[in-house]
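Q: Sequence first, predicted model second:
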Amino acid sequence: MKKINILLILSLSLFTSLLVSSCGKDFLDKTPEGDYVADKYYSSDAAVIKAIEPLYNRAWHEFNRRSLLAIGSIRANDAWNPYVNSEFARFQLTGLDENLAAAWAALYNVVSMTTETLDNVRNYATSGVSASVKNQAYGECYLLRGLAYFYLLRGWGSVILYDNNQEIIDEPIRPLSTEESVLKFIVRDLRRAIEYLPEKGADHHPSRYAAKAILAKVLLAQSGWNKNGSRDESILNEVVSLCNEVINCGQYSLMNDYEQLFRMQNNDNAETILALRWAKPSSNEYGSMNATYSDLAPNDISDDVNVWGGSLCPSPDMIDYYNQEPADSFRLRGTFFTYGRHYDYLWTTAGGFTYKKHWMQVKKGVLGRKADAGGELDQMASPLNTYLMRLADVYLIKAEALLGNKTSTSDAEALKAFNAVRLRAKVPAKTSFTFEDLIRERRIEFCMEYSNWFDMVTWYRWKPQYMLDFFNNKQHRAFEIRENDIIRNEDNTFSYRTYLNNGSSPWYFADWENNNGAVYWNDFLAKNADVTALNAKDKGNILKTKADGYVYDLDSLVRANTNMIPIVLNEANIFMPYPETDVIQNPYFKQPAKEYDFSE
């Protein structure tokens, strides 16, 4: 009698009475009957569906807990704080990093659990399991395994491929597969997912269009991956076709209000194509809950939850993006707290919450007090789903595919896709757009959704020199912006000053004595560091403004400061190092990657 793999046994503990739904009344809230052994368990449709559902929470838990924020958002320079995974933003990672190792192990946990579930359903499902449910299980396992490998590819490049757990147990020391092989493996899994998944999903389980959306994103990457700056037009055509199928299938629509995407009440909204779904905090199932909350939430806003985060502030280049288009206030409001903004759905028992700091802190994912979440909020336990794919992404994938190898486009179909996202954000439609415009749009739309760095890696593999210039000359990394360092102007732009975070004095004080006490802001020089006085329009403190010819050049100021050690991105550090324990145990990690044998 074959026992279920230990990873799956751990997952099946979710089926006890301790586990309840994260939001949907039918998802993760039914307890199956019978012994949890493979040749007895898979005897009904309900049992098979229950075997799939841990693949949306427990399998990903250690990746989502802290690593996903560090890799997807902090590494992308969405936000910064020297005490929150700063080694990811500084590109000073080593193979000994705890969160690096956790991400690697968790993604292979997904690979192993999906593979085990595939094998168990194939080998042990009885006649009591319908063909449609078996196909649903196959499709979801292929979908999630392909997605796990897509994260591995964009995190580490060449990785170990396998689709048979017993073989990897028997022979764990095996070579890395080339990046092209990994992409081919992912595409194969996703095409299988499309074949097996139903036309329409049910009870929060995905339809085949979820697999088509993920496949479109993977093919967009494959179209230019290591192709010397050019994308394959035939692959781009398939990307557009897949996006059209998803957009026109009638199962998804953009929410009218961007901010509403990140409220607990809208966990299961029409824009969601694929998401990780978490157990309620009241379940006390730590390995099945969304544990990101304590790193995100300001402790004075979620003051009854015992969080320790809240110090993540947008990077200077993110603030610069918002300053370029002040009308883009709805996405800003949904992503960062800014001075004077009122939220009637936070602190509901106190009449709402108004942010009164001269600062900006992460809003996206922050739910306020426990009462604001119906009591379902706790330390390292948020009820919010984690988006893996939403419809806005599909629109921008289509726009990027139609832009293709061109420097800009005014193609009507491309503009319709690009502007769908902008119009939802209540900003004017564009009449043309460039790749630079597309980068900005994605960074604003998906800021602090743990995805921007993964997109940047895709672009780097397509246009390496362009992206190295972007990383090294257009992004400002490790510049801390502290409380009382941001002024919200009447035109809804932001004045800010920033610290060179090198452990010494702030760089803007470097010329205090030699420059008449000048304090550098992004749009003026001042002689008083007190933001309260400046915000009160104390014009006597201002030495020069833009109207007076002041030009803020952060790069020049930094280069002139001898304390600055620049963060330089290159081919050696774009991809993360492999965990040291794996490198020690497997000599193949020090050898060139090999083509994967797809004939096996």
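A: Good, I have the coordinates.
Q: Look at residue 41 and say how many residues are nearby.
A: 24 (other CB atoms under 10 Å). For glycine as for every other residue, the C-beta is placed from the backbone atoms N, C-alpha and C.
Q: pLDDT value on it, please?
A: At residue 41, the model reports a pLDDT of 92.
Q: If you drop the residues flanking it in sequence, what lies closest to it?
A: residue 47 (5.8 Å; CB to CB, 6 or more residues apart in numbering).
Q: just the CA coordinates of whichever strand or helix holds that neighbour, formatted as PDB?
A: Per DSSP states H and E, residue 47 falls inside helix 45-52. Written as PDB, here are the backbone C-alpha positions of helix 45-52 (Å, rounded to 0.1, in the frame of the first residue of the first chain):
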ATOM      1  CA  ASP A  45     -14.800  13.900  -7.000                       C
ATOM      2  CA  ALA A  46     -14.800  15.800  -3.700                       C
ATOM      3  CA  ALA A  47     -11.600  14.000  -2.500                       C
ATOM      4  CA  VAL A  48      -9.700  14.800  -5.700                       C
ATOM      5  CA  ILE A  49     -10.700  18.400  -5.600                       C
ATOM      6  CA  LYS A  50      -9.600  18.600  -2.000                       C
ATOM      7  CA  ALA A  51      -6.200  17.100  -3.000                       C
ATOM      8  CA  ILE A  52      -5.700  20.000  -5.400                       C
END
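Q: for it, which positions count as buried?
A: 45, 47, 48, 49, 50, 51, 52 (16 or more other CB atoms under 10 Å).
Q: Surely the fourth one is in contact with residue 132?
A: This means residue 49. No - between residue 49 and residue 132 there is no contact under CB atoms under 8 Å: 11.0 Å.
Q: Now do residue 240 against residue 435, distance only.
A: With distances taken as CB to CB, to the nearest Å, residue 240 is found 17 Å from residue 435.
Q: The two: who's more crowded?
A: Neighbours per residue, other CB under 10 Å: of residue 240 and residue 435, the larger number sits with residue 240, 21 against 18.
Q: which other helices and strands contact the helix or strand containing the more buried one?
A: Using DSSP H and E, residue 240 falls within helix 233-248. Contacts defined by 3 or more CB pairs under 8 Å, 6 or more residues apart in numbering; DSSP states H and E place helix 233-248 against helix 208-224, helix 391-403.
Q: how about residue 353, phi and psi?
A: phi -130, psi 130 (degrees, to the nearest 10).
Q: wait, it sits on residue 363?
A: No - judged on CB under 8 Å, residue 353 makes no contact with residue 363 at a distance of 10.5 Å.
Q: more crowded one of those two?
A: Higher neighbour count among residue 353 and residue 363: residue 363, with 24 against 19, using other CB under 10 Å.
Q: which element is the residue lying closest to residue 196 once chain neighbours are set aside on?
A: In space, residue 196 comes closest to residue 139 once its chain neighbours are excluded; the distance is 3.4 Å by CB to CB, 6+ apart. Using DSSP H and E, residue 139 falls within helix 131-156.
Q: The helix or strand that that helix is followed by - what's its average pLDDT?
A: Downstream of helix 131-156, the next assigned helix or strand under DSSP H and E is helix 165-170. Averaging the model's pLDDT scores along helix 165-170 yields 93.
Q: Which positions within helix 165-170 qualify as buried?
A: By 16+ other CB under 10 Å, the buried positions in helix 165-170 come out as 165, 168.
Q: Enumerate every residue touching residue 48.
A: Applying CB atoms under 8 Å, 6 or more residues apart in numbering, we find residue 48 in contact with 42, 121, 125, 129, 133, 134, 136, 137.
Q: Likewise for residue 311?
A: Residues near residue 311 by CB under 8 Å, 6+ apart: 81, 83, 84, 298, 361.
Q: what do you get if the cut-off is 10 Å, keeping everything else the same?
A: Each residue near residue 311 by CB atoms under 10 Å, 6 or more residues apart in numbering is listed here: 79-84, 295, 298-299, 359, 361-362, 480, 482-483.
Q: likewise residue 196?
A: Residue 196 is in contact with 132, 134-143, 208, 211, counting by CB under 10 Å, 6+ apart.
Q: By neighbours, which of the residues you listed wins?
A: For those, the largest number of neighbours (other CB under 10 Å) sits with residue 211, at 31 neighbours.
Q: I figured that one hits residue 194, correct?
A: Yes - contact between residue 211 and residue 194 holds when scored by CB atoms under 10 Å: they sit 4.6 Å apart.
Q: any shared contact partners between the two?
A: Shared contacts of residue 211 and residue 194, defined by CB under 10 Å, 6+ apart, are found at 139, 142, 143, 242.
Q: And the strands in the stretch 301-450 of the chain?
A: Taking DSSP state E, counting those that start in this stretch as the criterion, the stretch 301-450 of the chain contains strands spanning 313-314, 336-337, 342-343, 353-354, 361-362, 386-390, 408-409, 433-434.
Q: Same list, those, but as CSV with mean pLDDT and distance to residue 204 please.
A: Output for the strands of the stretch 301-450 of the chain, formatted as CSV (pLDDT from 0 to 100; distance: least, CB to CB, whole Å):
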stretch, mean pLDDT, distance to residue 204
strand 313-314, 95, 32
strand 336-337, 97, 29
strand 342-343, 97, 27
strand 353-354, 97, 30
strand 361-362, 96, 27
strand 386-390, 98, 13
strand 408-409, 98, 37
strand 433-434, 98, 34
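Q: so which of those strands gets nearest residue 158?
A: Closest of the strands of the stretch 301-450 of the chain to residue 158 is strand 386-390, at 23.3 Å (criterion: CB to CB).
Q: packing partners for that closest one?
A: Applying 3 or more CB pairs under 10 Å, 6 or more residues apart in numbering; DSSP states H and E, one finds that strand 386-390 contacts helix 131-156, helix 208-224, strand 272-276.
Q: redo that, cut-off 6 Å
A: Secondary-structure packing of strand 386-390 (3 or more CB pairs under 6 Å, 6 or more residues apart in numbering; DSSP states H and E): strand 272-276.
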